[in-house]
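> here is my input, please return the structure:
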Amino acid sequence: MRLAFPFVLAALLSTALTASAAEPLALAEAQRLAVARSQQLAANESSASAARRMAQAAAQLPDPVLKVGVDNLPINGPDRFSLTRDSMTMRKIGLMQELPGADKRRLRGQRAAQEALKLQAERAMLTVGVLRNTAAAWLDRYYALASRDLVVRQLEETRLQVQAAEAAYRGGKGSQADVFAALGAVGMLEDKLRQVDRQAGNAAVMLARWVGSEDARRPPAGPPVWQTSEMDRNITPEHLESHPEVAVAAAAVRAAQVDVFLAEANKQADWSVEATYQQRGSAYSNMVSIGLSVPLQLDRANRQDQEVAAKTALVDEALARYEEVLRNQDAEARVLQNDWRSGKLGVERYTGSLVPLAGQRTAAALAAYRGGKGELAAVLSARRDELELRLQALAVELETARAWASLSFLSADHDMPVDDGSKP
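Model (predicted):
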């Protein structure tokens, strides 16, 4: 077991060095990886391909029907079960073809084509969902690791402060209370580090769900350029109409409208023609039969007209849903825009005022302590407050970056990953 330990240690060090040397993962690259490996999008593409093929098939004439049989076969008497001795017995073969109108066939194909277009719009919506979730996981991990760096640096400084306090106490220049205060601060920071590690671990798990475990272990590149956005202007109807969810609702309206046209076309009955060749015994003449079948729409008011009315009602439903989706997206866009703008102001307030003031307070408390005019507890308190402010600033920046990423999906170019300004 002891002999194996050096090899195990070497393997662990090799793995750690490989991970540390891995190329950073940019947000745009993470989104491309997520889109490429999404099984949701693959399933949608298969459905859309099936719908496109169905559109071609639906516009064709129905298959002809082959008919083979025997008419008037005697089952008793001297000619029973004979195919040739009775003059009425006939062996027959024939074809029947249903003849729906050209407009009806065109509308059937158009209805299937609309279904394919709807699936295509759903693909864009699914793509946006993948991009949004990937961006959220990437941002969570980036800011969790940034928070961890702050806590680790503070923890290292506080551990050095413990050593200094112990040395001062042993030399008679400090109090034991300073040692206990520094040790308590280390304990709190270690607990804070565990919390941050948990958050970073959860973010890595969620990122791995989208980009895969191997790429999720790469360090995030960044930070993303969240300070500017194409949506830093008024929300227009063109922006909303290009949103994937609105496009899906619009495709549903068009499909429902085609259903109405098809129901109107169904008022014209589909005719069927049939030709049959009938063969009798050699002593009798063979025969040919030709027929025409026409459905009799005797109760159109309660059948065909009701179908048209039902399809028309579904158009009204689709239009209402479209309007509701449009209103929801308008509200969501304005909320995201407001969150992003407000978040930028919050970040500026933290980085321009609150965090520098906290740093100055820490420096003043440390100078007073070193000059013998202050206590170590005041230094530790100032450092703790500064750390909390820096962590709060990162949290505000994370929320602002999330709003920025979501705003990017409101443009017409929603199929492309968000550009985070870093090299892929």
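> tell me where the chain is predicted with low confidence.
Low-confidence segments of the chain, defined by pLDDT under 70, are located at 1-21, 231-232, 410-424.
> longest helix anywhere in it?
helix 102-170 (DSSP state H).
> which element is the residue lying farthest from the centre of the chain on?
What lies farthest from the middle of the chain is P78; by C-alpha atoms, centre = their mean that is 77.1 Å. Using DSSP states H and E, P78 maps to neither a helix nor a strand.
> what does stretch 95-107 contact?
With C-beta atoms under 8 Å, 6 or more residues apart in numbering as the test, stretch 95-107 has contacts from 58-62, 64-67, 258, 261-262, 265-266, 268, 270-275, 293. In short, each C-beta sits where N, CA and C put it, glycine included.
> give me the distance between the two termini of that stretch.
Stretch 95-107 has an end-to-end distance of 26 Å (criterion: C-alpha to C-alpha, to the nearest Å).
> next, the buried residues of it.
Under the neighbour-count criterion of 16 or more other C-beta atoms under 10 Å, stretch 95-107 has 96, 100, 104-105, 107 buried.
> of those residues, closest to R148?
For the buried residues of stretch 95-107, the closest approach to R148 (C-beta to C-beta) belongs to L107, at 61.0 Å.
> from G101, how far off is the closest one?
9 Å (C-beta to C-beta, to the nearest Å).
> burial measure for D86, as a count.
Per other C-beta atoms under 10 Å, the neighbour tally for D86 reads 18.
> identify the residues contacting it.
When contacts are counted by C-beta under 8 Å, 6+ apart, D86 is found next to 72, 74, 79, 281.
> could you rerun that using 10 Å?
Taking C-beta atoms under 10 Å, 6 or more residues apart in numbering as the criterion, D86 is in contact with 72-74, 77-80, 280-281, 284.
> among those residues, who's most crowded?
Using other C-beta under 10 Å as the neighbour test, the contacts of D86 are led by R280, with 21 neighbours.
> for that one, grab phi and psi.
Backbone geometry at R280, expressed as degrees, to the nearest 10, gives phi -110, psi -170.
> am I right that it is in contact with T84?
Yes. Contact criterion C-beta atoms under 10 Å: R280 and T84 qualify, at 7.3 Å.
> list residues touching both of the two?
With contacts taken as C-beta under 10 Å, 6+ apart, R280 and T84 have R91 as neighbours in common.
> would you turn the buried residues of stretch 95-107 into a markdown table with distance to G372?
Listed next are the buried residues of stretch 95-107 as a markdown table, based on distance: C-beta to C-beta, whole Å:
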| residue | distance to G372 |
| --- | --- |
| M96 | 110 |
| P100 | 101 |
| K104 | 98 |
| R105 | 97 |
| L107 | 93 |
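> just name the closest of these to R383, please.
Of those, the one sitting nearest to R383 (C-beta to C-beta) turns out to be L107, at 74.0 Å.
> could you find the closest non-adjacent residue to that closest one?
Using C-beta to C-beta, 6 or more residues apart in numbering and skipping residues adjacent in sequence, the residue nearest L107 is L262, 4.6 Å away.
> spit out the contact partners of the one you found.
Contacts of L262 (C-beta under 10 Å, 6+ apart): 103-104, 106-108, 110-111, 307-308, 311.
> and the helix or strand harbouring it, how far out from the chain's middle?
Remark: L262 resides in helix 244-265, with elements defined by DSSP H and E. With C-alpha atoms, centre = their mean, to the nearest Å as the basis, helix 244-265 stands 23 Å off its chain's centre.
> how far off helix 102-170 does it point, in degrees?
Helix 244-265 and helix 102-170 are oriented at 160 degrees to each other (axes from the mean of the first three to the mean of the last three C-alpha atoms, to 10 degrees).
> start the count at 43 instead of 1 going forward.
Will do, 43 is the new start, and the previous item becomes helix 286-307.
> quick check: buried residues in helix 286-307?
Across helix 286-307, burial judged by 16+ other C-beta under 10 Å covers 286-307.
> same deal with stretch 131-138?
Buried positions in stretch 131-138, judged by neighbour count with 16+ other C-beta under 10 Å: 131-134, 136, 138.
> same list (the residues you listed) but as TSV, adding distance to A445.
Putting the buried residues of stretch 131-138 into TSV (distance: C-beta to C-beta, whole Å) gives the following:
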residue	distance to A445
T131	84
M132	80
R133	79
K134	75
G136	70
M138	64
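> return the member of those residues nearest to D182.
Of all the buried residues of stretch 131-138, D182 sits closest to M138, with 65.0 Å by C-beta to C-beta.
> T200 is in contact with L235, isn't it?
No. Look at T200 against L235 with C-beta under 10 Å: they stay out of range, at 11.2 Å.
> more neighbours, these two?
Counted by other C-beta under 10 Å, T200 and L235 do not tie: T200 has more neighbours, with 23 against 16.
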